[in-house]
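here are the coordinates; sequence isn't available:
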């Protein structure tokens, strides 16, 4: 078993308790960090080459260094942790907050020291009720024990919008506004929460920070791959025998994850496709099983590591159905601010639905692919791109399957059961019924 | 101000120097190249990059960029849709996406023909549609108020209206609700959109989603004419275009004067034009008889007017409204003063000439660092657009101080502030302006008159003769000029005492049964002439609609001939006479369609005794029991508003405003029904707690304060 950093001791002890966490050396790294000059701390994190685990893989040390130092800013700076984990397939932050909340809080406080901030906000997905309760208790316990010093930590619950996982929409929502992305530049390190410099980092990124100080940069960079050291909690789901969260070094191959750790495709079926980074990213085919799961390698192979949510798709699945289900999610979660995403996702759903039902024409298939291109790269935030990466890759890599829907005038796989266990339907992601763009 | 750093960028290969940080839309315009937009509108705050119409290619950036949010940096190379296939594809994509669900009901859409979506689709859009699904539908039209209809199917979600509501009017009533393709514009809990400035969202809407209910289906753009004029509803003098069709005014829209109104209008200015068609509009001269008024021919009316004027033997008082043009007030003055030797007038108000030393454009407020509002009258009710300028100043970081009375501390702060502006709203600001040294560059003082052209009327009356007036006793003849004067209770008291009354007005119900001879009046939308706004800016009114009767100037000219007074019926010639005396001889033509502000008139060594007297009299600080009552005339009141039913929902609620501190002290909650008492009179009103008025004051709209005076007791 490789070295654990984020979930270390979490299997053996109840790390939600402050005493237990302290017994494993918890909050000692915070003390160490507070003994360091902020610049030195930022340099350490930079040297550890810690890359953001939320999706974009941006270097945390570099992000911290973009925040103007205390003597060069007029107002307060903020640390905001993005705990609005909502990408279908991703459930790593949930595990971290539920099982080792103090390590996450410690990471937040260390980051706050690094940018000389006294205010930490944790924006947690509204549906994560248990995690909110665990985290809140941990915050209270740590506050009561005087761990915070003159820094404060506020846990804020989201209200059920995927878009609020986008950092600028998250900031607007945190400010009490309608959660919609902001144009950038300016970026949050310069103009973020309440127009102040703001460091926005994912839960896992922050929870990785204590280990860097504990192990030291030299040891930390031995884990994982050279350009992206450390571990990642891979969320393995779909048609796999042992789904779950696996903390493994960056660079673990898909084959290792799915077959060694996940014990292979469920029910002994054939592997059809792998989604390597949450439902939005371009799909992989079985010949790509040896791609190492780190940011650069996955990108070189034509997809994104994203939130390291690996979804296994077996040979029963209809890719049109899968695309439709994914697209319905993005249509439902499009915030409505920019035109291509708002209108385009709905159009894609209409086209996919028609093709899946067997009423599609060759023109519809061409149009489907073209509409993807017309959305790509033109939306205000990345949601528009996410909404087409997946579907466009299904069309490109499984074109014959789409074609046979046209040619046969129906779905060759039949029924929605073919994607059971891969992606939940989008009406399971919501509290309210969604308006269908296509009359039933 | 630091000097502006210039950077060099290229747009479609054209090199252009622009200030660093200038938006790309403006930068490209400086190179003569258009970047089309929908959501971008610099007047309503920072760009939001929502519509994606302005996509451009920028060298070194892999993705297309929104031209509205990106700013010019040195060496930037920008390619617009006119030079870049990629950018052209981006723009065409945006238009295709907008049009997939936009209904193509242009033939029956009020916006058709003056619609940015039509225009940009024509220039940049795809020629056909690839969308063959049923379009998204919503319930429509939704009346978001009696004035505005919302068509959610046409809405392209540019968020201009919600940004205006949130960031300009700051009423926060228009919001977007739901998400994604189901997003719609709405008011909270479907309450009507109420406020002084709601109609601006109609003009901001780049499609036909928000349309004016009074204008709905009233005209097509190719059969209307837009007459450039100036609003006559308040002393701001917003620049307007009056849209006419078949000789009638159908709509009033803004004609952006960046120093005066920045393209905003209040709802009174925008919607009150319906009073031109009022049911009780007077179109023929009327003489009081028994048992009823009889209509007169114009010849008979002039004979009758001459008879009444001669009968008064000089014992004439002229009550003016402040809505007369400079020319009309001068004509009246010349006839009365030179022809009949009657110099006594009731002027609507007297604005101290001392304010002319601090004259500046209203836009000065926006750029100031300190704004002092002196007096208790709500600015938005008197001069609504001034309130928007103050809000803009506050958003830009200016400090806003509201105080009833001037004091030395306030003067010191005005002196020490970088750019200070004093707005006197019912207070006397002359001494404070002098003590605050507001004749500095970048500073200004504005007094808010209560009438649209009170200043011009006073100028014109004074220009007509030099003699000092003597009050006639008893009054032989009271001349009532205009409907505002006719509605003034003080004028009515004088009418009781006068032997006879000659009135000029538009509305019969205001003038009967007390006026002996009634001559038809006209509206500002039916007149040529000039107004002087609260800044002291001379502005040009143009006749948008032909009045239903002979206009006042023509009638006065005929009457003047009977008294050997030479008076032209043409405003241009009358203006020449006034201008030579009062406005330094500026020719009529030079007033222009976008008038410039005249220079400051430096204060002379000694100010007029009248103003000294008022300065020393710190008004109404007498101690009394309870709260000092302040009543004000609401914006949505007066003869014109009363005749426009669509505006009635805007009339003020039966409320008393008190400060939060007083509310707490008196144990009154916001929204609670309270009893307001003074001198044995009591009124039940709803309490509104506000930060906008100082402690010790109770503010009530005049129409809800009947019988109350002095100090009032407010109990829960």
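Sure, I can see it. Remember, it's a predicted structure, so these values are computed and weren't measured experimentally. Numbers count the residues shown, from 1 in each chain, chains lettered A, B, ... in the order given.

quick one, what contacts residue B:123?
Listed by Cβ atoms under 8 Å, 6 or more residues apart in numbering or on different chains, the contact set of residue B:123 reads residue B:36. Any C-beta I mention is one placed from the backbone N, CA and C, and that applies to glycine too.

From the chain's centroid, how far away is the helix or strand where it lies?
For residue B:123, the element it lies in under DSSP states H and E is helix B:116-124. Put simply, helix B:116-124 sits 32 Å off its chain's centre (Cα atoms, centre = their mean, to the nearest Å).

Kindly list the longest strand within the chain.
Since you didn't name a chain, this refers to chain A. For chain A, the strand reaching the highest residue count under DSSP state E is reported as strand A:231-238.

Correction: the question concerned chain B.
Chain B, longest strand under DSSP E: strand B:681-690.

Tell me which strands that one pairs with, and in which orientation.
strand B:655-659 (parallel), strand B:673-678 (antiparallel) (DSSP bridges).

packing partners for the helix or strand following that strand?
Beyond strand B:681-690 in the direction of the C-terminus, DSSP H and E gives the next helix or strand as strand B:697-701. Applying 3 or more Cβ pairs under 8 Å, 6 or more residues apart in numbering or on different chains; DSSP states H and E, we find strand B:697-701 packed against strand B:627-632, strand B:655-659.

Past the helix holding residue B:123, which element shows up next along the chain?
Beyond helix B:116-124 in the direction of the C-terminus, DSSP H and E gives the next helix or strand as strand B:142-143.

Just list the residues touching the closest residue to chain B within the stretch 201-350 of chain A, thanks.
Distances between the stretch 201-350 of chain A and chain B by Cβ to the nearest Cβ are smallest at residue A:336, namely 3.3 Å. Contacts for residue A:336 (Cβ under 8 Å, 6+ apart) come out as A:180, A:342, B:157, B:176, B:178, B:179, B:180, B:181, B:182, B:183.

Just the element for the fourth one, please.
Under the criterion of DSSP H and E, residue B:176 resides in strand B:174-177.

Burial-wise, tell me which of the strands paired with strand B:681-690 comes out on top.
When you average the neighbours per residue for each of those (mean count of other Cβ atoms under 10 Å in any protein chain shown), strand B:655-659 leads with a mean of 23.

Would you mind getting the angle between it and strand B:627-632?
Inter-element angle recorded for strand B:655-659 and strand B:627-632: 130 degrees (by axes from the mean of the first three to the mean of the last three Cα atoms, to 10 degrees).

the strands in the stretch 151-300 of chain A, which residues?
Secondary structure of the stretch 151-300 of chain A, counting by DSSP state E, counting those that start in this stretch: strands at A:152-157, A:198-202, A:224-225, A:228-229, A:231-238, A:244-249, A:271-275.

so which of the ones you listed gets nearest residue B:424?
strand A:198-202 (42.7 Å; Cβ to Cβ).

starting at the chain centroid, how far to the closest one?
From the chain centre to the centre of strand A:198-202 is a distance of 14 Å (Cα atoms, centre = their mean).

now for it, which elements pack on it?
Other elements packing on strand A:198-202 under the criterion 3+ Cβ pairs under 8 Å, 6+ apart are helix A:60-66, strand A:78-83, helix A:101-114, helix A:167-174.

And those: which comes nearest residue A:143?
helix A:101-114 (9.6 Å).

just checking, next helix/strand downstream of that closest one?
Using DSSP H and E, the helix or strand that follows helix A:101-114 in sequence is strand A:119-124.

who are the neighbours of that next one, in terms of helices and strands?
When contacts are defined as 3+ Cβ pairs under 8 Å, 6+ apart, strand A:119-124 sits against strand A:78-83, helix A:101-114, helix A:129-144, strand A:152-157, helix A:167-174.

any idea how far it is from the chain center?
Distance, stretch centre to chain centre, for strand A:119-124: 17 Å (Cα atoms, centre = their mean).

Paired strands for it, with orientation please.
strand A:78-83 (parallel), strand A:152-157 (parallel).

Contacts only, for residue A:190.
Residues near residue A:190 by Cβ under 8 Å, 6+ apart: A:66, A:67, A:68, A:197.

switch to 10 Å and redo it
Counting by Cβ atoms under 10 Å, 6 or more residues apart in numbering or on different chains, residue A:190 touches A:66, A:67, A:68, A:73, A:184, A:196, A:197, A:198.

Residue B:221 now?
The contact partners of residue B:221, by Cβ under 10 Å, 6+ apart, come to B:110, B:111, B:112, B:113, B:114, B:115, B:243.

measure stretch B:674-689 end to end?
Taking Cα to Cα, to the nearest Å, the first and last residues of stretch B:674-689 lie 12 Å apart.

likewise stretch B:11-30?
For stretch B:11-30, the first-to-last residue distance is 10 Å (Cα to Cα).

Taking the stretch 601-716 of chain B, what residue is nearest to chain A?
For the stretch 601-716 of chain B, Cβ to the nearest Cβ, closest residue to chain A: residue B:691, 19.5 Å.

Can you tell me the number of residues neighbouring that residue?
Number of residues near residue B:691 (other Cβ atoms under 10 Å in any protein chain shown) recorded here: 9.

need the contact list for the residue nearest to residue B:121 when sequence neighbours are not counted.
Leaving aside its chain neighbours, residue B:121 sits nearest to residue B:95 (5.6 Å; criterion: Cβ to Cβ, 6 or more residues apart in numbering or on different chains). When contacts are counted by Cβ under 10 Å, 6+ apart, residue B:95 is found next to A:339, B:36, B:38, B:51-53, B:102, B:117, B:120-121, B:123-126.

if we go to 8 Å?
Here residue B:95 is in contact with B:53, B:120, B:121, B:124, B:125, B:126 (Cβ under 8 Å, 6+ apart).

Now that we have the residues you listed, which of them are buried?
B:53, B:120, B:121, B:124, B:125 (16 or more other Cβ atoms under 10 Å in any protein chain shown).

Between the residues you listed, which sits nearest chain A?
Nearest member of the buried ones among the contacts of residue B:95 to chain A, counting by Cβ to the nearest Cβ, is residue B:53, at 7.9 Å.

Next, the closest one: phi, psi?
Main-chain torsions, residue B:53, degrees, to the nearest 10: phi -80, psi -30.

Equivalent analysis for residue B:356, please.
Backbone torsions of residue B:356, given as degrees, to the nearest 10, read phi -60, psi -20.

can you tell me which residues contact the closest residue in space to it that isn't next to it in sequence?
In space, and not counting its chain neighbours, residue B:356 is closest to residue B:601: 3.9 Å by Cβ to Cβ, 6+ apart. By Cβ under 8 Å, 6+ apart, the residues touching residue B:601 are B:353, B:356, B:357, B:359.

roughly how far apart are the first one and chain A?
The reference is to residue B:353. Using Cβ to the nearest Cβ, to the nearest Å, residue B:353 is found at 44 Å from chain A.

In terms of helix, strand or coil, where does the residue of the stretch 1-150 of chain A found nearest chain B fall?
Taking Cβ to the nearest Cβ, chain B has its nearest neighbour within the stretch 1-150 of chain A at residue A:74, 12.3 Å off. Using DSSP: H, G, I helix; E, B strand; the rest coil, the structure places residue A:74 in coil.

Now do it, the pLDDT please.
For residue A:74, the pLDDT comes out at 91.
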